[in-house]
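Chemist: the sequence and its predicted three-dimensional model are supplied below.
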Amino acid sequence: MDLEFFDTPQPFLEAAGELLRADPVLGSVIASVSERTAREIADGHDSWAEVDAPFARWWLAVRDDSGAVVSAAMRTAPFKPYPTFGMPMSDEAARTLAAALHDRGELLGGANGALPGAGVLAAATAELVGGELVTDKATRLWEATSVVVPPAPEGRLRPATEDDAALVLSWFTAFHAEADEQAGREPDPTSGEHNTLDSVLVRIREGVEWLWELPDGTVAHLTGAGLPSYGVARIGPVYTPREHRGRGIASYAVGELTRRGLEAGSRMCLFTDQDNPTSHKIYAGLGYEPVVDMAEHLVRVRREP
């Protein structure tokens, strides 16, 4: 087994492309982030330069003894504790990665992704640094191969425009805080801070943010539908302000955008918070089925008194 690190996305995508094509739903986060970063760099701008992280961003291909790429991970999250995100990974590979990062003095504060690999990586890191392992959030990846779109409520679904950027940014921030509340967790006041007006404008220009507009012109809902990577598009975030909930807007928007994606030939997936059973029921009703459970783990270093 060999760990091959990359400091830019394009060589990584060339190395791991066969793996990402073979399992594009499990690889959707890594593929979409890597492709977006590659487009950004090609356009002459790299937002990582604005991230005050104490390490260099990286991508990883895990090769078996034959040289084939059997897993992949990345550390590109622009928010603390700068967690990794990994595809399914063997226990051996996860422990080897923890040791490699420790040896080069890179403190890994969190590990997200497919289980059990993400948990093993975080646990091995905690053991190496004398820290504590905390499971912060359990998530579930879903895929829809068909969809049942519910009746449309009053209003219309339209793409967000640059004039909507400030509203979209505020709703990105509200989404993170209210997702914690709905799952019974204490809201993290720093969650969502990595979203900026510039990053929102990029998404709007890509055409991946959609709004629900009521007949009187009030904007009442946001759903994201990302660009396909290796034939897979991912829905999210999905956010409705409290005063507009209970009208079926979110169900319709997600269902309709899923339908459009499927008809365009994309496979459609999304994530849910396992502590929010309401979202499970809604998406299952649309036709989404569970693919794999994931979790976000934190590594907290014990401080001497």
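Modeler: Perfect, thanks for sending it. On a predicted model such as this, the values are computed, not experimentally measured, just so you know. Residues are numbered from 1 along each chain as shown.
Chemist: just list whatever residues bridge to Arg300.
Modeler: Applying DSSP bridges to Arg300 yields these beta-bridge partners: Glu132.
Chemist: can you name the residues that contact it?
Modeler: Listed by Cβ atoms under 8 Å, 6 or more residues apart in numbering, the contact set of Arg300 reads 126, 131-132, 134. C-betas here are computed from N, CA, C, even on glycine.
Chemist: so it versus Val33, what's the distance?
Modeler: When distances are taken as Cβ to Cβ, to the nearest Å, Arg300 and Val33 turn out to be 25 Å apart.
Chemist: what do you get for Gly27?
Modeler: From Gly27 over to Val33 the distance is 10 Å, taken as Cβ to Cβ.
Chemist: now do stretch 235-249: everything it contacts.
Modeler: Applying Cβ under 8 Å, 6+ apart, the external contacts of stretch 235-249 come out as 150-151, 153, 155, 171-172, 174-175, 178, 212, 214, 220-226, 250, 253-254, 257-258, 268-271.
Chemist: meant to ask about stretch 131-142, not that
Modeler: When contacts are taken as Cβ under 8 Å, 6+ apart, the neighbours of stretch 131-142 outside the stretch itself are 25-26, 110, 119, 122-123, 125-126, 183, 185, 269-275, 280, 283-284, 288-302.
Chemist: which of the residues you listed fall within strands?
Modeler: With strands identified by DSSP state E, the entries of the contacts of stretch 131-142 that belong to them are 110, 269-273, 288-301.
Chemist: mind listing the strands for this structure?
Modeler: With DSSP E as the criterion, the chain has strands spanning 2-6, 58-63, 69-75, 84-86, 110-114, 131-144, 156-159, 209-213, 219-225, 232-239, 267-273, 288-301.
Chemist: what lines up beside the fifth one in the sheet?
Modeler: It refers to strand 110-114. strand 84-86 (parallel), strand 288-301 (antiparallel).
Chemist: tell me which of those is the most buried.
Modeler: Across those, the average number of neighbours (mean count of other Cβ atoms under 10 Å) peaks for strand 84-86, which reaches a mean of 24.
Chemist: which intervals of the stretch 51-200 of the chain have sub-threshold pLDDT?
Modeler: Within the stretch 51-200 of the chain, the stretches falling below the threshold (pLDDT under 70) are 179-194.
Chemist: quick one: neighbours of Thr125, just the number.
Modeler: By the measure other Cβ atoms under 10 Å, the count of residues near Thr125 is 28.
Chemist: show me what contacts it?
Modeler: Each residue near Thr125 by Cβ under 8 Å, 6+ apart is listed here: 98, 101-102, 108, 111, 131, 299.
Chemist: and if we set it to 7 Å?
Modeler: Residues touching Thr125, when contacts are defined by Cβ atoms under 7 Å, 6 or more residues apart in numbering, comprise 98, 102, 108, 299.
Chemist: again, but for Glu143
Modeler: Glu143 sits next to 25, 267-269, 288-289, 291 when contact means Cβ under 7 Å, 6+ apart.
Chemist: and it, how far from Ala114?
Modeler: Shown here: Glu143 relative to Ala114, a distance of 14 Å by Cβ to Cβ.
Chemist: helices of the stretch 51-200 of the chain, residue ranges please.
Modeler: Along the stretch 51-200 of the chain, the stretches classed as helices by DSSP state H, counting those that start in this stretch are 91-103, 117-129, 165-182, 197-206.
Chemist: pick the most deeply packed of these.
Modeler: With a mean of 22, the top stretch among the helices of the stretch 51-200 of the chain by mean neighbour count (mean count of other Cβ under 10 Å) is helix 117-129.
Chemist: what angle separates that one from strand 110-114?
Modeler: For helix 117-129 against strand 110-114, the angle by axes from the mean of the first three to the mean of the last three Cα atoms, to 10 degrees is 160 degrees.
Chemist: now the strands paired with strand 110-114 in CSV, with distance to Asn195?
Modeler: Putting the strands paired with strand 110-114 into CSV (distance: least, Cβ to Cβ, whole Å) gives the following:
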stretch, distance to Asn195
strand 84-86, 17
strand 288-301, 17
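Chemist: which one of these lies closest to Asp43?
Modeler: Among the strands paired with strand 110-114, the nearest to Asp43 by Cβ to Cβ is strand 84-86 (23.2 Å).
Chemist: residues contacting the closest one, please?
Modeler: With Cβ under 7 Å, 6+ apart as the contact definition, strand 84-86 has outside contacts at 29-30, 71, 73-75, 108, 111-114, 117-118, 121.
Chemist: out of these, who's the most crowded?
Modeler: The residue in the contacts of strand 84-86 with the most neighbours, by other Cβ under 10 Å, is Ala111 (32 neighbours).
Chemist: might you report the residue contacts of Gly17?
Modeler: Contacts of Gly17 were listed using Cβ under 7 Å, 6+ apart, and none were found.
Chemist: same question, Ala93
Modeler: Contacts of Ala93 (Cβ under 7 Å, 6+ apart): 1, 62, 71.
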